[in-house]
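Peer 1: Below: sequence and its predicted model.
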Amino acid sequence: MATIVDMDKAKSELPDLLARAEGGEEIWIARRNLPVVRLDPIPRAATGQRVPGALAHLLKDVPKDLCLEPMSEEDLRDWENGHETDPLK
């Protein structure tokens with residue numbers, strides 16, 4: 001069963017109402033005894049601690065020499081001019 005709070009009371013008790021809604025209580029705010037809005041908490045993603053190396057398994061798919069070779073003069077020129085190189089040419 002929802003807790004129904006009149007608009008005037010909600011104005012003066014908003015921080016408390018927000019805390020209660022975050023805690024899982026269903027809060028409805030009414031105007032002239034008619035519920036008009038419901039306070040619902042926004043779901044948050046679980047924030048766990050970062051684990052160093054958690055994505056290390058993805059490295060097996062990355063070629064070892066991916067970025068070790070410099071660009072060719074043609075590729076560099078195209079890059080600087082904002083043109084894409086056509087691999088079929």
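Peer 2: Nice, thanks for sending it over.

Peer 1: Is Val37 in a helix, a strand, or coil?
Peer 2: strand (DSSP: H, G, I helix; E, B strand; the rest coil).

Peer 1: dump the residue contacts of it.
Peer 2: With contacts defined as CB atoms under 8 Å, 6 or more residues apart in numbering, Val37 is in contact with 28-29. Any C-beta I mention is one placed from the backbone N, CA and C, and that applies to glycine too.

Peer 1: so where's this protein shaky on pLDDT?
Peer 2: 45-47, 83-89 (pLDDT under 70).

Peer 1: Helices along that one, start to end?
Peer 2: 7-12, 14-22, 73-81 (DSSP state H).

Peer 1: CSV please, covering those and showing distance to Asp61 and mean neighbour count.
Peer 2: Output for those, formatted as CSV (distance: least, CB to CB, whole Å; neighbours: other CB atoms under 10 Å):
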stretch, distance to Asp61, mean neighbour count
helix 7-12, 54, 12
helix 14-22, 41, 14
helix 73-81, 23, 11
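
Peer 1: and of those helices, who's closest to Met1?
Peer 2: Comparing the helices of the chain by their distance to Met1 (CB to CB), the top pick is helix 14-22, with 13.8 Å.

Peer 1: could you say what helices and strands that closest one packs with?
Peer 2: Using 3 or more CB pairs under 8 Å, 6 or more residues apart in numbering; DSSP states H and E as the contact definition, the elements that helix 14-22 packs against are strand 27-31, strand 34-39.

Peer 1: okay if I get the ones you listed as a markdown table plus distance to Asp65?
Peer 2: Formatted as a markdown table, the entries for the helices and strands packed on helix 14-22 read as follows, by distance: least, CB to CB, whole Å:
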| stretch | distance to Asp65 |
| --- | --- |
| strand 27-31 | 59 |
| strand 34-39 | 56 |
